[in-house]
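1. Just need the structure, nothing else, for what follows:
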Amino acid sequence: MCNAKPVQGEKMSKKGAFICIEGLDGCGKTTQAKLLAKKLGKSRNTLYTAEPSRGKIGTYIRNRCLYGEKRLSTVVEALLFAADRIEHVENEVLPALREGRLVISDRYIYSSLAYQGAAGLSLEWIEKVNKHALKPDLAVFIDVDPKTVMHRLKRKRSVMENMDTQQRVRDFYLKFVAKGELVKLDGNRAKNEVAETLSALVLKFLEA
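-> Just a heads-up that it's a prediction; the model follows:
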């Protein structure tokens, strides 16, 4: 583990707030990110977004990489996600922040650090190829046991959705929690309980 913060990024002026929701596949983060955006959207100008993004690179990752017969080289994988992240930030995140909007992203930089880090890549190298990524104002990790998430995955699984990978990825996420870079939220509870805790956490942060 390197000692540097995951993303220093470039200093960019923004008026809104950027929040990312992280977690293992099947932990409920997509559901929770959408519920959060819907709830806060009643009082704030909120944008829900996700990675891989809806751009050309993100679409390629979803359609050609995640569900291939085998996983790509982790270096290629990391570079593709980093390139998609630049497009995501430039085309969706920053324009919304400059309008003063609250941006909620379903996955962001910590997914690269956890998934490609768990695959053996140097975290320092992953940070370097993501040096232009905007650092989120708040990052939340929805923690669910790998056995639980694997049981939840009824659909076709991606090349990263296996027990060994998910366990190693969780270990990386927990290291970032220990360093104070991610806020851990227990995702093993009922959906509405997780949603209430998450919204309270975010509102407290926004009001601070």
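
2. State the next helix or strand along the chain beyond the lowest-mean-pLDDT helix or strand in the chain.
-> Least confident helix or strand, the chain: helix 146-152 with a mean of 84, by mean pLDDT, DSSP states H and E. Downstream of helix 146-152, the first helix or strand assigned by DSSP states H and E is helix 163-178.

3. From the chain's centroid, how far away is that next one?
-> Centroid separation for helix 163-178 versus its chain: 13 Å, with Cα atoms, centre = their mean, to the nearest Å.

4. Thr165 reaches Gln116, doesn't it?
-> No. In this structure Thr165 lies outside contact range of Gln116 using Cβ atoms under 8 Å: 11.0 Å. Bear in mind the C-beta positions are built from the backbone N, C-alpha and C, glycine included.

5. quick revisit: would you put the C-alpha positions of the least confident helix or strand of the chain in CSV?
-> The C-alpha trace of helix 146-152 is given here as CSV (Å, rounded to 0.1, in the frame of the first residue of the first chain):
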residue,chain,number,x,y,z
PRO,A,146,-18.5,-11.3,-0.2
LYS,A,147,-20.5,-14.5,0.4
THR,A,148,-23.7,-12.4,0.6
VAL,A,149,-23.0,-10.5,-2.6
MET,A,150,-22.2,-13.7,-4.5
HIS,A,151,-25.5,-15.1,-3.4
ARG,A,152,-27.3,-12.0,-4.6
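
6. what does that helix contact?
-> Leu24, Asp25, Gly26, Cys27, Glu161, Asn162, Met163, Gln166, Gln167, Arg170, Asn188 (Cβ atoms under 8 Å, 6 or more residues apart in numbering).

7. I'd like to know which of these are buried.
-> For these, a neighbour count by 16 or more other Cβ atoms under 10 Å gives the buried set as Leu24, Asp25, Gly26, Cys27, Glu161, Gln166, Arg170.

8. sorry, back to before: in the contacts of helix 146-152, find the pair that's most separated.
-> Spatial extent of these (Cβ to Cβ) is set by the pair Asn162 and Asn188 at 20.4 Å.

9. And for Arg152, the neighbour number?
-> Using other Cβ atoms under 10 Å, Arg152 is surrounded by 14 other residues.

10. Distance check, Lys29 against Leu121.
-> From Lys29 across to Leu121, the span is 22 Å (Cβ to Cβ, to the nearest Å).

11. quick one, which of these two is more surrounded?
-> Neighbour count, other Cβ under 10 Å: between Lys29 and Leu121, Lys29 has more, with 26 against 18.

12. The more buried one: what's its closest spatial neighbour, skipping adjacent residues?
-> Gly23 (4.1 Å; Cβ to Cβ, 6 or more residues apart in numbering).
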